[in-house]
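Peer 1: Provided below for reference: sequence and predicted model.
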Amino acid sequence: MVGPKSSYSAWQYENSACLSQPLSMSVLEGNPPEGADALIVNYERLPSMVNPLGRWLAERPSMILLDEAHRMKLGVEGAYGAACLALGPRGRRRLILTGTPAPNGVKDLESLFSFVWPGTGRQSIVRAVAGGDLAQASRALKSLFTRTTKGELGLPPVDTTIRRIPLPPLHDEIYKALIGQFSARAAGAEGDFQSLGRILVYMLMAATSPALLSVGTTRYEPLDYQVPPLTVPENSPLFQLMQDLPAYEMSPKFQEVLAIVRDNAAQGRKTLVWSTFIRSLNTLQRILGQFQPALVHGGTPDRESQIERFRRDPECMVLLSNPATLGEGISLHHECHDAVYVDRDFAAGRFLQSLDRIHRLGLDPDVRTRITVLASEGTIDEVVASRLAAKLNFMGGILDDPAVQQLSDLYEEPAIGEGLDRGDLQALMGHFNAPSS
């Protein structure tokens with residue numbers, strides 16, 4: 001079995017719980033141990049294990065199984081995909097498991113089918129989609145995969161909305177400078193802004209808060225927000241304001257998160273907050289302090305204890321994480337029914353996987369699951385939303401899954417964060433010493 005590390009415990013548990021004679025199962029660290037019936041290895045380690053695993057698979061009747069198989073979607077162009085495709089013919093049987101088989105389109109399906117049916121799988125996909133009719137392609141491929149939809153599982157529907165957030169004046173001025181629309185105040189710093197604007201990840205940061213682009217003592221240092229004063233000093237150079245922005249304007253996305261968490265907490269509902277950037281997560285941990293947030297990202301040393309605190313501690317009303325860390329292999333649907341996306345990238349699979357942390361088998365039929373996506377108006381957020389919608393529409397069509405297609409057309413909902421005045425922010429954040437002018 002090849003899968004993410006987060007899948008290990010599930011495979012080990014199911015092995016002992018479901019089989020009257022459990023397999024001798026080992027997590028692979030080096031060469032395959034003698035006498036093992038089953039081996040578990042993660043995708044990161046797999047490329048260095050191709051030769052010993054190839055010999056082990058070829059020595060006996062064997063099956064190779066890919067869990068979260070979308071991780072090999074790049075095929076021969078990626079390290080994981082190349083390793084999987086090299087090992088596939090060594091196994092007598094091949095099986096893939098994934099809830100998101102085509103997060104970026106038809107090329108992903110070609111890679112997955114090439115693993116399952118070496119030599120013929122890719123051609124099956126090419127023929128099926130050649131006419132451009134997704135419904136017809138789905139019918140042509142139906143016999144080659146099995147999928148149980150959330151509707152068939154009896155899961156209650158999920159409410160998925162997008163809130164478009166207008167940028168405050170200074171934030172808007174800085175963002176426009178990054179895309180080449182310079183104000184008089186930005187004159188003279190064109191080179192700095194253009195170099196940042198050419199880098200996609202910087203644009204995603206700037207749509208949340210341009211202050212994320214300014215490195216503090218460390219690249220993950222939280223932004224030091226105060227309650228914003230009424231006016232912005234007119235004589236401050238724009239580039240300097242990128243560093244000083246938290247003192248003048250709170251990110252409207254962070255303000256929206258604060259409002260959502262406050263309302264959910266008042267109803268006794270916990271909230272899962274997603275952001276791509278660790279500095280955003282660290283900043284939100286500070287802003288949401290009164291709600292005792294748990295925090296999990298790639299560098300979190302006490303990941304399990306943070307998750308457990310979110311699950312069990314009635315004072316911990318928020319879990320902050322990024323989809324790259326917590327988007328797979330964990331279930332939070334018994335404790336949490338609200339998720340907020342501060343930002344999203346172009347990875348449709350990662351978005352779908354992270355949604356499933358709180359919307360999965362085992363939910364009571366009367367539970368209302370609410371997903372809220374935040375998008376800054378006139379920014380790259382709108383481009384991301386459009387591209388994700390196209391990808392989700394394709395995947396839902398090819399899989400004949402209406403629930404996936406529904407996610408491509410998010411219901412628009414008004415923002416509530418603008419209703420917070422300066423007194424609300426002071427009370428919620430605990431900052432009572434901010435300057436008044």
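Peer 2: Everything's here; your move. Bear in mind that the values here come from a model prediction, so they are computed numbers and not experimental data.

Peer 1: Does residue 94 touch residue 69 like I think?
Peer 2: No - using CB atoms under 8 Å, residue 94 is not in contact with residue 69; the gap is 10.1 Å. All C-beta spots, glycine's among them, are computed from the backbone N, C-alpha and C.

Peer 1: shared neighbours, those two?
Peer 2: Counting by CB atoms under 8 Å, 6 or more residues apart in numbering, the residues touching both residue 94 and residue 69 are residue 115.

Peer 1: which ones are touching the closest residue to residue 32 other than its chain neighbours?
Peer 2: Leaving out its chain neighbours, the residue that sits closest to residue 32 by CB to CB, 6 or more residues apart in numbering is residue 56, at 4.4 Å. Residue 56 is in contact with 32, 39, 62, counting by CB under 8 Å, 6+ apart.

Peer 1: Most neighbours of all the residues you listed, which one?
Peer 2: residue 39 (22 neighbours; other CB atoms under 10 Å).

Peer 1: Helix, strand, or coil at that residue?
Peer 2: strand (DSSP: H, G, I helix; E, B strand; the rest coil).

Peer 1: Next, work out how far apart it and residue 96 are.
Peer 2: Residue 39 is 17 Å from residue 96, where distance means CB to CB, to the nearest Å.

Peer 1: same check, this time on residue 72
Peer 2: Counting by CB to CB - residue 72 and residue 96 are separated by 9 Å.

Peer 1: which neighbours do these two share?
Peer 2: Shared contacts of residue 72 and residue 96, counting by CB under 8 Å, 6+ apart, come down to 66, 112, 115.

Peer 1: now the first one, what's its secondary structure?
Peer 2: For residue 66, the secondary structure call by three-state DSSP comes out as strand.

Peer 1: State the distance from it to residue 85.
Peer 2: Distance of residue 66 to residue 85, given as CB to CB: 11 Å.

Peer 1: These two: which is more packed in?
Peer 2: Shown here are residue 66 and residue 85; by other CB under 10 Å, residue 66 has more neighbours (25 against 17).

Peer 1: mind listing what the more buried one touches?
Peer 2: Residue 66 neighbours (CB under 8 Å, 6+ apart): 1, 2, 3, 72, 84, 95, 96, 97, 98, 115.

Peer 1: The second one against residue 39, yeah?
Peer 2: By that I understand residue 2. No - judged on CB under 8 Å, residue 2 makes no contact with residue 39 at a distance of 9.1 Å.

Peer 1: In the stretch 151-300 of the chain, where is pLDDT below threshold?
Peer 2: 182-198, 214-239, 241-242 (pLDDT under 70).

Peer 1: Run through the helices of it in chain order.
Peer 2: Here the stretch 151-300 of the chain has its helices, by DSSP state H, counting those that start in this stretch, at 169-178, 190-197, 200-208, 238-248, 252-266, 278-287.

Peer 1: Make a markdown table out of those and add distance to residue 128.
Peer 2: Listed next are those as a markdown table, based on distance: least, CB to CB, whole Å:
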| stretch | distance to residue 128 |
| --- | --- |
| helix 169-178 | 42 |
| helix 190-197 | 40 |
| helix 200-208 | 32 |
| helix 238-248 | 49 |
| helix 252-266 | 40 |
| helix 278-287 | 41 |
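
Peer 1: Quick one, which of the ones you listed gets closest to residue 127.
Peer 2: Nearest to residue 127 among the helices of the stretch 151-300 of the chain is helix 200-208 (34.4 Å), distances taken as CB to CB.

Peer 1: Send me that closest one as PDB with only the CA atoms.
Peer 2: What follows is helix 200-208, C-alpha atoms only, in PDB (Å, rounded to 0.1, in the frame of the first residue of the first chain):
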ATOM      1  CA  LEU A 200       1.800  34.000  -8.200                       C
ATOM      2  CA  VAL A 201       2.100  33.100  -4.600                       C
ATOM      3  CA  TYR A 202       2.800  36.800  -3.700                       C
ATOM      4  CA  MET A 203      -0.400  37.700  -5.500                       C
ATOM      5  CA  LEU A 204      -2.400  35.200  -3.400                       C
ATOM      6  CA  MET A 205      -0.800  36.700  -0.200                       C
ATOM      7  CA  ALA A 206      -1.600  40.200  -1.300                       C
ATOM      8  CA  ALA A 207      -5.300  39.400  -1.900                       C
ATOM      9  CA  THR A 208      -5.400  38.600   1.800                       C
END
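
Peer 1: Could you pull out the buried residues of that helix?
Peer 2: For helix 200-208, a neighbour-count test (16 or more other CB atoms under 10 Å) marks 202, 203, 204, 205, 206, 207, 208 as buried.
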